[in-house]
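Student: Following is a predicted model, sequence given first.
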Amino acid sequence: MAGHIVTVLGAKGGVGKSVLAGNLAFAFSLENRQKTLLLDFDVHSYGDQSVITGMKSPKTLKDLSEFNGAIEPRTLNTFATSHKSGVSYISLPKDPMESSQIEAENLSKFLKAAKQLYPVTVIDGGSEINELLIKALEYSTLVLFVVTPDLLAINQSRKFYSDLLTMLIPKDMIQFVFNKVQKNHPVSPDFASKQIGRTVFSSILRDDSNCALGLSRSSSVLLLNKSAPFSDGLLKLVRRIKSKNVFKTLERLNRPKPKTLQKAVVLNGGGTTKNFHHRENNKWTLLKQRVLRALVEEMDLQNKKIDDDPKSQVILREKTKKKVVEILGKEETRGIVNGRDEMNQLVKEILDEALGLGPLEDLLADNSISEIMVVGPDKIYYEQNGKNKLSDVTFTSDKQVLRVIEKIVYPIGRRIDEKTPYVDARLPDGSRVHAIIPPCAIDGCTITIRKFPENRLSYKDLIKFGTMTQEMADFIRVAVEGKKNVVVSGGTGSGKTTLVNVLGGFIPSNERIITCEDSAELDLPQEHVVRLETRPPNLEGDGEISIRTLVKQTLRMKPDRIIVGECRGGEALDMLQAMNTGHDGSMTTVHSNSPRDAINRLETLVQYAEAGISPKAIKEIIASAIHLIIQQARLEDGSRKIISITEVGGLQGDIVTLQDIFVFKHEGIDNKGKVKGKFQATGFIPKFVEDLEKKGYKIPRGIFKNKD
């Protein structure tokens, strides 16, 4: 009959996780009178289990991971040490560098054999998600999560528990053990259950004297005093597991496949096996992580909100830099940091991670980079001159990526977690950020940052970039000033928002403009601008404020112009109605590949409003509301161009008529990979030109003719 593996976890140090795990092995052995195996997987405990149990194995887990022979009782005796009580034990190397070099994948064969050779195997799993813990969870039947009557421990346990669920670990497989329980303590097991969201499976009374005695004698507490409160609690835990048939029940649960488990990791230690040692075992990285931990503890940077004031930021950075140098002075850096340049680089990396966005800081500072795309901890791409390139910099772990996401979303009141694993946000400079985390993002936390230029682009810049011609710019300026309603159409990354910013700059400064966006990106030059932003629902699912709600609110705010960042739902109907009822000169964007597609998409979006409007009536609303569709595209060479400016002519039968005014004629690609082509006027003069001229606008007919 196959045995079972029990992995013991704790969210932070001080909860008694290692002492409990070591003594639990003896409790199983004494209560069931069967052999039990104890394994130490906690790479940060530096061999504490040897002190707790008084047992020292002849070989270590590292030796076992390098063993290529068959795992059988006789060969296992060469690795494990056995106690007369029936407990066998294999330790970790005392040297943390040796522990970090263990090939976790090579332990698969051993863990399979352990389940055949021992009725119960207890693993001290540590307090962080890493490759060893992932391997333990792959073969575990039960996970015991140790928590104590400590608010910080409960808070971190809740987060750790959420991370385990995100890894697709079955909920029932994780059971909480409330350790160090004190009578009449305000933080009771019931309180902990409510905070964590799970009923405590078992409680163990605080027993400092007997636990201290066990440690001082390097012996199991159960062997010294079987009736001690701590011993009694562990024996009751084992009996409950047995009486409730916990192992038999949990065997029927569907567990994630090993590849899925690896990919679904949200926090530290994640990523793929092939990259684990490159990231986690590098001496430079380990040194940096130690300094960061010390820095967070000494300066309380974990929950500290960074002041937006530039002077305050400079002062904080200098103060933090002094502390980093002080901490590094206490570390052994020989052989890791060679010379002043490397020391400066190390200090910079630590400061960037503590106060900024870590490896992304240099990419954000590079004005030639327009977009940054993070795919898990090991792949950071960026767009430069319209081309995607792979960066040399990486994150140390998925946990670091998640910390960066949380730093971005926290100041603007957004959240990202297991319940809502995606978020739209913005950086202080207005750059757009989208992030999505596992289980939705299979390869790790993903971040996409659309950078905004340091200086606001003008129509002259777009002419210089070849996005449009002077004639096109002149025509668009008159149309916007003359309060013609504009829809900017284009695909993702085609430059729609940038173009709307330029169009907004044409609006007279004496008009009141109200913008509605999912994340505030528009940066208009006028003073009288009201910026509105959506809000996601709270943890209870309430309080959501959608784009449609904001558009409705703008109608009560006396706007001269309404600008909707993007129509992607029922707000399209409200926007079109506003354009038709006195809010001329409004504009929005839609995702579509041509002006005709833009009309079709708007028809579909209006139906999302569920207003019961007939298709013919929808077409009539669109035809009367929209005057111009400006089609933006990103071409093969990465350049962005306005490929057409189209007038909406009205409705003929069931068809919304469209007439191109300017188009970009694609002529191929040259030997340097650049798109060849030219802008052309079609010769068509828009119907609304005469109306604008009656209002006093001078529109030279020459702009509608091609130059020779």
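Tutor: Noted; the coordinates are in hand.
Student: C-alpha only now, for contacts and for neighbours.
Tutor: OK.
Student: For the stretch 51-200 of the chain, which segments count as helices?
Tutor: Using DSSP state H, counting those that start in this stretch, the helices found in the stretch 51-200 of the chain span residues 61-65, 73-76, 96-100, 108-117, 131-139, 151-166, 189-196.
Student: Give me the angle between the helix or strand following the last one and helix 189-196.
Tutor: Pointing back at helix 189-196 there. Using DSSP states H and E, the helix or strand that follows helix 189-196 in sequence is strand 200-205. Relative orientation of strand 200-205 with respect to helix 189-196: 140 degrees, computed using axes from the mean of the first three to the mean of the last three CA atoms, to 10 degrees.
Student: Summarise which helices and strands strand 200-205 is packed against.
Tutor: Counting contacts by 3 or more CA pairs under 8 Å, 6 or more residues apart in numbering; DSSP states H and E, the secondary-structure elements packed against strand 200-205 are strand 174-181, helix 189-196, helix 229-243.
Student: Those: lowest mean pLDDT?
Tutor: The stretch with the lowest mean pLDDT among the helices and strands packed on strand 200-205 is helix 189-196, at a mean of 87.
Student: could you check the angle helix 151-166 makes with it?
Tutor: Using the same axes, to 10 degrees: helix 189-196 against helix 151-166 is 50 degrees.
Student: Tell me which residues of helix 189-196 come out buried.
Tutor: Residues of helix 189-196 classed as buried: 189, 192-193, 196 (neighbour count, 16 or more other CA atoms under 10 Å).
Student: for stretch 580-595, same thing?
Tutor: With burial defined by 16+ other CA under 10 Å, the residues of stretch 580-595 counted as buried are 580, 583-592, 594-595.
Student: For those residues, which two are the farthest from each other?
Tutor: Taking CA to CA as the measure, those reach their widest spread between His583 and Ser594, a distance of 25.3 Å.
Student: Show the low-confidence segments of the chain, by residue range.
Tutor: Counting by pLDDT under 70, the chain has low-confidence residues at 1, 46, 254-282, 296-310, 454, 538-541, 708.
Student: From the contact counts, what lies against the lengthiest helix in it?
Tutor: Secondary structure assigned by DSSP state H gives helix 310-329 as the longest helix of the chain. In this structure, helix 310-329 makes packing contacts with helix 283-299, helix 339-355, judged by 3+ CA pairs under 8 Å, 6+ apart.
Student: of all those, which lies closest to Ile315?
Tutor: Minimum separation from Ile315 across those (CA to CA) falls at helix 339-355, 11.9 Å.
Student: who touches the closest residue to Leu292 other than its chain neighbours in this structure?
Tutor: Spatial nearest neighbour of Leu292, chain neighbours left out: Ile350 (6.6 Å); criterion: CA to CA, 6 or more residues apart in numbering. With contacts defined as CA atoms under 8 Å, 6 or more residues apart in numbering, Ile350 is in contact with 288, 291-292, 324, 358.
Student: roughly how far apart are Ile350 and Pro170?
Tutor: From Ile350 across to Pro170, the span is 36 Å (CA to CA, to the nearest Å).
Student: same deal with Pro96?
Tutor: Note on Pro96: its distance to Pro170, by CA to CA, is 31 Å.
Student: Over to Ile241?
Tutor: When distances are taken as CA to CA, Ile241 and Pro170 turn out to be 17 Å apart.
Student: Can you tell me the number of residues neighbouring Ala473?
Tutor: Ala473 has 19 neighbouring residues, counting by other CA atoms under 10 Å.
Student: before we move on, what about Gln652?
Tutor: What Gln652 shows, counting by other CA under 10 Å, is a neighbour count of 10.
Student: Please apply the same query to Gln400.
Tutor: Other residues near Gln400 come to 21 when the count uses other CA under 10 Å.
Student: ok, and for the strand or helix carrying it, which residues are buried?
Tutor: Counting by DSSP H and E, the element that carries Gln400 is helix 398-409. Judged by neighbour count using 16+ other CA under 10 Å, the buried positions of helix 398-409 are 398-409.
Student: now swap in stretch 162-171 and tell me
Tutor: 162-170.
Student: Nearest to Val656 among the residues you listed?
Tutor: Using CA to CA, Thr166 is the member of the buried residues of stretch 162-171 that lies nearest Val656, at 48.2 Å.
Student: in terms of contact, does that closest one touch Pro421 like I think?
Tutor: No: with contacts counted by CA atoms under 8 Å, Thr166 stays clear of Pro421, the gap being 9.6 Å.
Student: Overlap in contacts, the two.
Tutor: 438-439.
Student: just checking, what's the longest strand in the chain?
Tutor: Taking DSSP state E as the criterion, the chain has its longest strand at strand 655-669.
Student: what separates that one from the chain centre, distance-wise?
Tutor: 40 Å (CA atoms, centre = their mean, to the nearest Å).
Student: what sits up against that strand?
Tutor: Residues lying outside strand 655-669 but in contact with it, judged by CA under 8 Å, 6+ apart, are 472, 595-596, 599, 619, 623, 642-651, 675-686, 704.
Student: Would you mind checking the residues you listed for buried ones?
Tutor: 472, 595, 599, 619, 623, 642-651, 675, 679-681, 685-686, 704.
Student: all helices of the stretch 401-550 of the chain, in order?
Tutor: Secondary structure of the stretch 401-550 of the chain by DSSP H, counting those that start in this stretch: the helices cover 459-465, 470-481, 496-504, 547-554.
Student: most neighbours per residue, which of those?
Tutor: Mean neighbour count (mean count of other CA atoms under 10 Å) peaks for helix 496-504 among the helices of the stretch 401-550 of the chain, with a mean of 22.
Student: Show me what it is packed up against.
Tutor: Judged by 3+ CA pairs under 8 Å, 6+ apart, the packing partners of helix 496-504 are helix 470-481, strand 486-490, strand 587-591.
Student: Surely Val689 and Lys698 touch.
Tutor: No: because the distance of 9.3 Å does not satisfy CA under 8 Å, Val689 is recorded as not touching Lys698.
Student: So for those two, which sits in the more crowded spot?
Tutor: Remark: of Val689 and Lys698, Val689 carries more neighbours, 18 against 12, as counted by other CA under 10 Å.
Student: and the gap between that one and Gln313?
Tutor: The span separating Val689 from Gln313 equals 52 Å under the rule CA to CA.
Student: Which members of the contacts of Ile350 define the maximum pairwise distance?
Tutor: When these are compared pair by pair using CA to CA, the maximum separation belongs to Val324 and Gly358, at 15.2 Å.
Student: Switch the buried residues of stretch 162-171 over to TSV; also include distance to Glu318.
Tutor: Formatted as TSV, the buried residues of stretch 162-171 follow (distance: CA to CA, whole Å):
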residue	distance to Glu318
Ser162	36
Asp163	34
Leu164	37
Leu165	40
Thr166	38
Met167	39
Leu168	42
Ile169	43
Pro170	46
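Student: if we can go back for a sec, could you dump the helices of the stretch 401-550 of the chain into a markdown table with distance to Ala425 added?
Tutor: A markdown table is the format used below for the helices of the stretch 401-550 of the chain (distance: least, CA to CA, whole Å):
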| stretch | distance to Ala425 |
| --- | --- |
| helix 459-465 | 26 |
| helix 470-481 | 29 |
| helix 496-504 | 15 |
| helix 547-554 | 15 |
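Student: Looking at those, spot the one closest to Pro453.
Tutor: With CA to CA as the criterion, Pro453 lies closest to helix 496-504 of the helices of the stretch 401-550 of the chain, at 9.4 Å.
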